[in-house]
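Asker: Please work out how this folds:
(one chain, ligands or ions: 1)
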Amino acid sequence: MTILVTGGAGYIGSHCVQHLMSHGHSVVVFDDLSTGYERFVLSPHFVKGNTRDKALLVKTIQDFHVTAVMHFAASCYVGESVNEPGKYYGNNVYGTLQLLDAMRETKVSQLVFSSTCATYGVPQTLPLTEEHPLNPISPYGKTKRIVEMMMEDYSLAYGLNYVALRYFNAAGADSTGKLGEAHEPETHLIPLVLQTATGKRKNIQIFGTDYDTPDGTCIRDYIHIVDIAEAHRLALTYLTAGNSSDVFNLGTGHGFSVREIIQACEQITGKPIAVVEAPRRPGDPAKLVANAAKANKVLGWKPAFGELTEIIRTAWQWEQQVTELPSLSR
Ligand SMILES: NC(=O)c1ccc[n+]([C@@H]2O[C@H](COP(=O)([O-])OP(=O)(O)OC[C@H]3O[C@@H](n4cnc5c(N)ncnc54)[C@H](O)[C@@H]3O)[C@@H](O)[C@H]2O)c1
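Answerer: Numbers count the residues shown, from 1 in each chain. As a prediction, the model looks like this:
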């Protein structure tokens, strides 16, 4: 089986490539390196290109005899999507439309898609199940929901078989030290806190300390990157076994507040972390926690790195090493 991985030079995509290759799959990475890094491309097969280039996608699928696709390539900053929605509709929606048409033209019908808990919007009930109403509030979340709807329609019209995985907060790094989180700018809490521990940042801002949560700060569900990679592998196995298209949450079901994350990072790094309290950001729900029972039951997926300490320990290992690198040049 040869798998085309779009966005395979990015944080989550590169970990999935490594995981798939370690399970004997042949992988072709397709990435424009807009936010990813060539040094993260672990497969010998790399095509530098943008998903909006359908002809290049078709050629890549044909040249490498691709049999399935995992689609990570996207713009993924919630805040930026509010200020630059056109970039998000262009890259995430139009880029995916080109990919779906390239798959249709080449008769590749299996697709695993990176969706997000941002498709739910503000939770009405917790933990969030796949049945929760879908009311995304940011352009980013809306583009992911639109792609889910496009896949539903392509499935009915053209026989596309897809799995959409709605991740909660991806975190951590693989244990080999080759890969880790390196977004520019970084917006995710755990790397930001750890960069404060290394001295790369002066302090960590807590946006909102008056939420209706036990310590007043937002609660999120953090999931280890290798567990996400394993869910992709299982989703592909599910599709190749002939099962029908579906959507699954990926989370641990445990929520941690911003203050709890900071405390855990202080314990693991042994360093004090300076905190600045700031007002709430618009659009941040107090609590987002997954019910991932469906992925467990149907895909047989169970997080192996369920402990927060393991997530932070691997992220810290990576963060210390990355500060010693001259640069992460693309
Ligand atoms: N990080 C999270 O916590 C999280 C949570 C939910 C969903 N997701 C989704 O997971 C996916 C990967 O996220 P990430 O954190 O690894 O981001 P990332 O920015 O590290 O990776 C995205 C990769 O896609 C590439 N890319 C972007 N647009 C492209 C295009 N049009 N054509 C080709 N390559 C393109 C980038 O160069 C990069 O390598 C995204 O689809 C994101 O929306 C991430």
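
Asker: quick one: the closest residue to residue 179 other than its chain neighbours from the ligand, how far?
Answerer: Distances taken as CB to CB, 6 or more residues apart in numbering place residue 14 nearest to residue 179, at 5.1 Å, with adjacent residues excluded. The way it works is simple: take the backbone N, C-alpha and C, and place the C-beta from them, glycine included. Distance of residue 14 to the ligand, given as CB to the nearest ligand atom, to the nearest Å: 8 Å.

Asker: Residue 14 against residue 36, yeah?
Answerer: Yes. Here residue 14 lies in contact with residue 36, judged by CB atoms under 8 Å, at a distance of 7.3 Å.

Asker: Now list whatever residues contact both of the two.
Answerer: Listed contacts common to residue 14 and residue 36 are residue 8; contacts here mean CB atoms under 8 Å, 6 or more residues apart in numbering.

Asker: which one of the two has more residues nearby?
Answerer: Neighbour count, other CB atoms under 10 Å: between residue 14 and residue 36, residue 14 has more, with 30 against 23.

Asker: tell me which element that one is part of?
Answerer: According to DSSP states H and E, residue 14 maps onto helix 11-22.

Asker: just the angle between the following helix or strand past that helix and helix 11-22, please?
Answerer: Downstream of helix 11-22, the next assigned helix or strand under DSSP H and E is strand 26-31. Per axes from the mean of the first three to the mean of the last three CA atoms, to 10 degrees, the angle that strand 26-31 makes with helix 11-22 is 160 degrees.

Asker: Give me the contact list for strand 26-31.
Answerer: 1-10, 13, 17, 20-21, 41, 43, 45-49, 51, 57, 60, 64, 66, 73.

Asker: mind running it again at 6 Å?
Answerer: Under the contact criterion CB atoms under 6 Å, 6 or more residues apart in numbering, strand 26-31 has outside partners 2-9, 17, 20-21, 41, 43, 45-47, 49, 60, 64.

Asker: what sits against residue 189?
Answerer: With CB under 6 Å, 6+ apart, residue 189 has these contacts: residue 261.

Asker: tell me the helices in the chain, going along the chain?
Answerer: Remark: helices assigned in the chain by DSSP state H are 11-22, 54-63, 78-83, 85-88, 95-106, 139-158, 189-198, 225-240, 258-269, 293-294, 308-324.

Asker: Kindly reformat those helices as CSV containing mean pLDDT.
Answerer: As requested, the helices of the chain are exported to CSV (pLDDT from 0 to 100):
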stretch, mean pLDDT
helix 11-22, 98
helix 54-63, 98
helix 78-83, 93
helix 85-88, 98
helix 95-106, 98
helix 139-158, 98
helix 189-198, 96
helix 225-240, 98
helix 258-269, 98
helix 293-294, 98
helix 308-324, 91
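
Asker: could these go into JSON lines alongside distance to residue 282?
Answerer: Output for the helices of the chain, formatted as JSON lines (distance: least, CB to CB, whole Å):
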{"stretch": "helix 11-22", "distance to residue 282": "25"}
{"stretch": "helix 54-63", "distance to residue 282": "36"}
{"stretch": "helix 78-83", "distance to residue 282": "9"}
{"stretch": "helix 85-88", "distance to residue 282": "15"}
{"stretch": "helix 95-106", "distance to residue 282": "27"}
{"stretch": "helix 139-158", "distance to residue 282": "13"}
{"stretch": "helix 189-198", "distance to residue 282": "17"}
{"stretch": "helix 225-240", "distance to residue 282": "28"}
{"stretch": "helix 258-269", "distance to residue 282": "17"}
{"stretch": "helix 293-294", "distance to residue 282": "31"}
{"stretch": "helix 308-324", "distance to residue 282": "27"}
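
Asker: Compare these and give me the one nearest residue 215.
Answerer: helix 258-269 (4.8 Å; CB to CB).

Asker: What residues does the stretch 1-150 of the chain have near the ligand?
Answerer: 6-7, 9-13, 31-36, 50-52, 72-76, 91, 95, 114, 116 (CB under 6 Å from any ligand atom).
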